[in-house]
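Asker: after the sequence you'll find the predicted model.
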Amino acid sequence: MNNWNFFREALKNFRSTGAIARASPVLIKHLIGSIPSDRPLTVVELGPGEGCVTRALLGTLHPRSTLTAFEINAAFVERLQLIADERLRVIPIGADRLTDHFSPGSVDFVVSSLPLSMIDQSVKQRIIRQSQQVLAPGGEYLQYQYALQDYGLLKDSFSHVSVRFTLANLPPAFVYSCSLGLV
């Protein structure tokens with residue numbers, strides 16, 4: 001999907017897409033740069049869109065890792081299903097159904113591109129709560145956003161929250177790294 005097609009899909013479904021352009025390579029590096037590639041991991045991606053972060057993850061994850069993507073946009077689901085990698089599983093349901101597919105403490109990283117500021121508060125809280133539940137000790141929840149609107153929610157939900165900012169994206173973005181502080 002080229003940038004123009006992504007933009008058209010974003011306009012059609014802006015509330016669920018929450019973006020006007022794909023994440024830049026710099027933003028993607030800030031988002032997933034802390035994920036190790038030297039061991040098998042279980043990674044969940046929430047709201048992968050057309051898959052720019054998905055492809056970057058698959059390019060760095062260990063060969064025995066698994067990546068499960070939760071995406072509700074049918075056009076994006078079709079695009080994701082074209083990625084030929086046996087480590088990728090695409091689930092065409094909302095991120096608030098995470099615990100239907102993963103048991104407590106079974107996920108090493110949750111990587112989210114969800115537009116939290118456009119999601120109903122109760123659904124957003126359910127997504128964050130379920131992310132907490134599935135994270136393994138030492139696991140991380142990684143999220144990017146275009147505003148600090150949900151910083152308080154993340155700070156209240158995780159023991160450790162760090163925020164980075166990058167201008168090298170359209171629009172500029174904040175990248176959150178959150179953990180429960182369990183090792």
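Answerer: Great, that's in hand. Numbering: from 1, shown residues only.
Asker: go ahead and confirm Leu58 touches Ala84.
Answerer: No. Leu58 is beyond contact range of Ala84, at 9.9 Å (criterion: C-beta atoms under 8 Å). C-beta: built from backbone N, CA, C; applies to glycine.
Asker: okay, these two: which has more neighbours?
Answerer: Neighbours per residue, other C-beta atoms under 10 Å: of Leu58 and Ala84, the larger number sits with Leu58, 17 against 7.
Asker: on the three-state scheme, the more buried one is what?
Answerer: Local secondary structure at Leu58 is given as helix here, using DSSP: H, G, I helix; E, B strand; the rest coil.
Asker: residues contacting it?
Answerer: Taking C-beta atoms under 8 Å, 6 or more residues apart in numbering as the definition of contact, the neighbours of Leu58 are Leu67, Ile83, Asp85, Arg87, Leu88.
Asker: in contact with the closest residue to the second one other than its chain neighbours: list those residues for me.
Answerer: With C-beta to C-beta, 6 or more residues apart in numbering as the criterion, Ile83 has its nearest non-adjacent residue at 6.1 Å, and that residue is Gly51. Taking C-beta under 8 Å, 6+ apart as the criterion, Gly51 is in contact with Ala69, Phe76, Arg79, Leu80, Ile83.
Asker: and the helix or strand in which Leu142 is found, what does it pack onto?
Answerer: In this structure, Leu142 sits in strand 135-145 according to DSSP states H and E. Other helices and strands packing on strand 135-145, by 3 or more C-beta pairs under 8 Å, 6 or more residues apart in numbering; DSSP states H and E, are helix 25-32, strand 107-112, helix 121-134, strand 173-179.
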